[in-house]
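Chemist: Dropping the sequence and predicted coords here.
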Amino acid sequence: MTTEAPRLPSLSTSDTQWLVNEATKVLIDLGHTPHVVEGVALGMDDGRTVGLDDLARTTSSRTSPSSRRADPRVTTSWVEFLDGPDAYGAARVTVLPELLRRMRIPFASHGVLVAVPTTFELWVHVPVDDAVVDTAVVDTAVAMSWLALRTFAEEPYPISPDVYLVSPDTKAVRVVRPDERGCDVDERAMSGLLQAMRADLPDAG
């Protein structure tokens, strides 16, 4: 008799294992020492147990979301700033599709731009079709990186000033790496994003 491996509701065993592994990596980066509990949760070094479904479920009650433009000059540069009082703001990136679904924010097929400058913050920009015309998505990514760099440098518990393109299957590619001298933009990744956005336009053919 074989016992089925543990899995989260609506996820396969392999997807559950992947999510557990990714969440473990994030929490280690945040300075914790987690261990897996029954295959579907993480035990923390302070005795708490964190269920991965809770990371998304507690978004509305534990975060203070706000929307504002990363660059006031770019009309399509709206970013969701998901700041929270707990240390799992950035860790919620591991359940980003469910998090956005609960907030009724569409997860674009071409991906979303994400920054996690500190442990408390998760920033998300959903590129829109209008941004393709003047490549405003590039300006938005750069503006996000400058804001992230400042937050990374000034706020406690920094993680990264970089901006990532995250796909619906939660694969991430760094698109902007800022420093005091300027920004390094991954032109190949950004070009791929723009091409995918053009392909999604109604009259694309």
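Modeler: Done, it's in. Keep in mind that this is a model prediction, so the values were computed, not measured.
Chemist: The lengthiest helix in the chain: what's the following helix or strand?
Modeler: For the chain, the longest helix by residue count, based on DSSP state H, is helix 136-154. Later in the chain than helix 136-154, the nearest helix or strand by DSSP states H and E is strand 163-166.
Chemist: hmm, back to that, could I get the CA-only coordinates of the longest helix of the chain as PDB?
Modeler: Output of helix 136-154 as PDB, limited to C-alpha atoms (Å, rounded to 0.1, in the frame of the first residue of the first chain):
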ATOM      1  CA  ALA A 136       6.500  52.800 -21.300                       C
ATOM      2  CA  VAL A 137       7.000  49.400 -19.600                       C
ATOM      3  CA  VAL A 138      10.700  50.000 -19.900                       C
ATOM      4  CA  ASP A 139      10.400  53.400 -18.200                       C
ATOM      5  CA  THR A 140       8.300  51.900 -15.500                       C
ATOM      6  CA  ALA A 141      10.800  49.100 -14.800                       C
ATOM      7  CA  VAL A 142      13.600  51.600 -14.500                       C
ATOM      8  CA  ALA A 143      11.500  53.900 -12.300                       C
ATOM      9  CA  MET A 144      10.600  50.900 -10.100                       C
ATOM     10  CA  SER A 145      14.300  50.000  -9.800                       C
ATOM     11  CA  TRP A 146      15.200  53.500  -8.600                       C
ATOM     12  CA  LEU A 147      12.500  53.500  -6.000                       C
ATOM     13  CA  ALA A 148      13.600  50.000  -4.900                       C
ATOM     14  CA  LEU A 149      17.200  51.000  -4.700                       C
ATOM     15  CA  ARG A 150      16.400  53.900  -2.400                       C
ATOM     16  CA  THR A 151      14.200  51.700  -0.200                       C
ATOM     17  CA  PHE A 152      16.800  49.000  -0.200                       C
ATOM     18  CA  ALA A 153      19.400  51.500   0.900                       C
ATOM     19  CA  GLU A 154      17.400  53.300   3.500                       C
END
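Chemist: Sketch out the helices for this protein, chain order is fine.
Modeler: 13-29, 52-57, 59-62, 96-102, 136-154, 187-199.
Chemist: and among those helices, the most buried is which?
Modeler: Highest mean neighbour count among the helices of the chain (mean count of other Cβ atoms under 10 Å): helix 136-154, with a mean of 21. Bear in mind the C-beta positions are built from the backbone N, C-alpha and C, glycine included.
Chemist: got a list of contacts for that one?
Modeler: Helix 136-154 is contacted from outside by 70-71, 73-77, 79, 113, 115, 117-118, 121, 123, 125, 127, 130-131, 158-163, 175-179, 183, 185, 190, 193-194, 197, using Cβ atoms under 8 Å, 6 or more residues apart in numbering.
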